[in-house]
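need a 3D model of the following:
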Amino acid sequence: MCALAVLGALVAFSAPADARPMVTKDMYDKRYCEYLFINLGPSGFYADVWNTFGLNNCPEKLWKASDPAALAKEMGALTVKLNGPRHWLIDRAQITFDPKAELKQGVKRSFNGLKMRRLTTGLVPTVDGKPGLPAYTETTVNRTTHFTFSRRHPLRVLVSPDGKSYAMQAFSQIKDPTLTEKKLNGLASRLAMPAGWRFEVRKLRKDLTLRTVSRTTVLQDEFENTYQLIG
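From the prediction side, this is the model:
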């Protein structure tokens with residue numbers, strides 16, 4: 001079962017016309033971590049997502065000191081998913097915060113010295129009533145973002161049996177702490193992909209921007225690397 005990391009930097013509720021965007025550049029291979037505070041609401045499990053990016057590079061000492069039980073108690077959550085370390089594979093992002101969100105987005109706070117920003121809240125995918133999502137399984141999320149992949153870097157892509165392509169937007173060191181950007185091109189030999197799936201490395205002739213308004217489709221592989229549907 002793929003972990004709740006499918007939410008990390010993926011889910012954001014659709015934003016109204018007066019929402020304010022945050023633009024971040026030079027993101028490629030930059031490290032970040034997240035806390036996902038899980039609670040149960042009227043529509044099911046949801047996560048309150050906090051992210052280190054733009055504030056620090058998720059210092060290893062502080063990250064390893066993370067105590068999920070203590071964090072859950074501090075924030076009044078049922079449980080906490082430690083989502084990281086992760087590294088971006090996009091070069092530029094524009095994320096639109098909703099100023100009318102019940103839990104204010106974009107606010108900052110420190111968790112035992114680790115500074116984070118609240119990105120969003122969102123519903124958590126469930127299987128048989130439990131939080132989680134199998135690898136290579138699509139899920140639809142609501143968000144308003146522009147993610148730009150630079151032509152200067154390889155584009156790593158999962159292709160489904162029916163020909164749909166998914167661009168890797170971030171790689172994870174959760175399952176394999178030794179995974180690096182340089183090792184991603186050889187990932188095909190390590191993935192236990194279902195029949196008909198394949199992993200490709202593509203060279204972009206121009207920058208690729210995936211613009212999302214309200215909804216998009218995402219999935220993960222078994223290493224918790226995250227991908228967004230192209231097109």
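
how many residues are close by Thr139?
Counted with other Cβ atoms under 10 Å, residues neighbouring Thr139 total 18. To be clear about C-beta, it is placed using only N, CA and C from the backbone, and glycine gets the same treatment.

ramachandran angles for it?
phi -140, psi 140 (degrees, to the nearest 10).

now Gly44: closest residue in space, sequence neighbours ignored.
Leu123 (5.9 Å; Cβ to Cβ, 6 or more residues apart in numbering).

what of Pro21?
Thr96 (4.7 Å).

pull out the buried residues from the helix or strand encompassing that neighbour.
Assigned by DSSP states H and E, Thr96 belongs to strand 92-97. Across strand 92-97, burial judged by 16 or more other Cβ atoms under 10 Å covers Arg92, Ala93, Gln94, Ile95, Thr96, Phe97.

which two among those residues are spaced furthest apart?
Farthest-apart pair in the buried residues of strand 92-97 is Arg92 and Phe97; separation 16.9 Å (Cβ to Cβ).

now for this protein: which strand has the highest residue count?
strand 208-220 (DSSP state E).

parallel or antiparallel, list what pairs with that strand.
strand 139-149 (antiparallel), strand 226-229 (antiparallel) (DSSP bridges).

before we move on, the earlier item: any idea how many residues pack against the residue nearest to Gly44?
17.

dump the residue contacts of Gly113.
Leu62 (Cβ atoms under 8 Å, 6 or more residues apart in numbering).

quick one: it and Val49, what's the gap?
In this structure, Gly113 and Val49 are 20 Å apart, going by Cβ to Cβ, to the nearest Å.

ok, Tyr166 next?
If you go by Cβ to Cβ, the gap between Tyr166 and Val49 works out to 21 Å.

quick one: which of the two has more around it?
In this view Tyr166 and Val49 are compared by other Cβ under 10 Å, and Val49 has more residues nearby, 27 against 24.

for that one, which non-adjacent residue is spatially closest?
Leu119 (4.8 Å).

count of residues packed around the one you found?
Residues lying near Leu119 (other Cβ under 10 Å) number 24.

could you do Asp221 as well?
Neighbourhood size, Asp221 [other Cβ under 10 Å]: 24.

next, the contact list for it, please.
Per Cβ under 8 Å, 6+ apart, neighbours of Asp221: Ala135, Tyr136, Leu158, Leu191, Met193, Tyr227.

give me the contact list for stretch 68-80.
Against stretch 68-80 from outside (Cβ under 8 Å, 6+ apart): Tyr35, Leu36, Phe37, Ile38, Asn39, Leu40, Asp48, Lys81, Leu82, Phe111.

of those residues, closest to Glu60?
Once Cβ to Cβ is applied, the member of the contacts of stretch 68-80 that ends up nearest Glu60 is Leu82, at 12.9 Å.

the closest one touches Ser66, doesn't it?
Yes: using Cβ atoms under 8 Å, Leu82 is in contact with Ser66, at 5.5 Å.

now do the shared contacts for these two.
Tyr35.

follow-up on the earlier one: how about the contacts of Asp221 in a markdown table, adding pLDDT and neighbour count?
Formatted as a markdown table, those follow (pLDDT from 0 to 100; neighbours: other Cβ atoms under 10 Å):
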| residue | pLDDT | neighbour count |
| --- | --- | --- |
| Ala135 | 93 | 19 |
| Tyr136 | 95 | 19 |
| Leu158 | 98 | 24 |
| Leu191 | 98 | 17 |
| Met193 | 97 | 18 |
| Tyr227 | 96 | 23 |
